[in-house]
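> Below are the sequence and a predicted model; questions follow.
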Amino acid sequence: MSGLLYTIAVILVIAWAIGYLGFHAGGLIHILLVIAIIAVLLRIISGNRPV
């Protein structure tokens, strides 16, 4: 489950970067970024480290 969470976080960060730099989509992209950061923090707090 934590591997999936990390993958989703990476995808959301990439989507945010594309949206911010390319399309300036506004609030939706920033919400996605916040979700990605929360997912990464949950992974770090839970103690699961990537190999």
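Looks like it came in fine.

> Please count neighbours and contacts with C-alpha atoms only from this point.
Fine.

> tell me what the helix ranked longest in the chain is packed against?
Of all segments of type helix in the chain, defined using DSSP state H, the longest is helix 27-46. Applying 3 or more C-alpha pairs under 8 Å, 6 or more residues apart in numbering; DSSP states H and E, one finds that helix 27-46 makes contact with helix 2-18.

> report the angle between the axes of the helix it packs on and helix 27-46?
150 degrees (axes from the mean of the first three to the mean of the last three C-alpha atoms, to 10 degrees).

> Give the buried residues for helix 2-18.
By 16 or more other C-alpha atoms under 10 Å, the buried positions in helix 2-18 come out as 2, 5, 6, 8, 9, 10, 12, 13, 15, 16, 17.

> and what of stretch 38-51?
39, 40, 43.

> quick one: contacts for the residue sitting nearest the centre point of the chain?
Among the residues of the chain, residue 36 comes closest to the average C-alpha position under C-alpha atoms, centre = their mean, at 2.2 Å. Going by C-alpha atoms under 8 Å, 6 or more residues apart in numbering, residue 36 touches 8, 9, 10, 12, 13.

> sorry, back to before: tell me which of the buried residues of helix 2-18 is nearest to residue 28?
residue 16 (8.9 Å; C-alpha to C-alpha).
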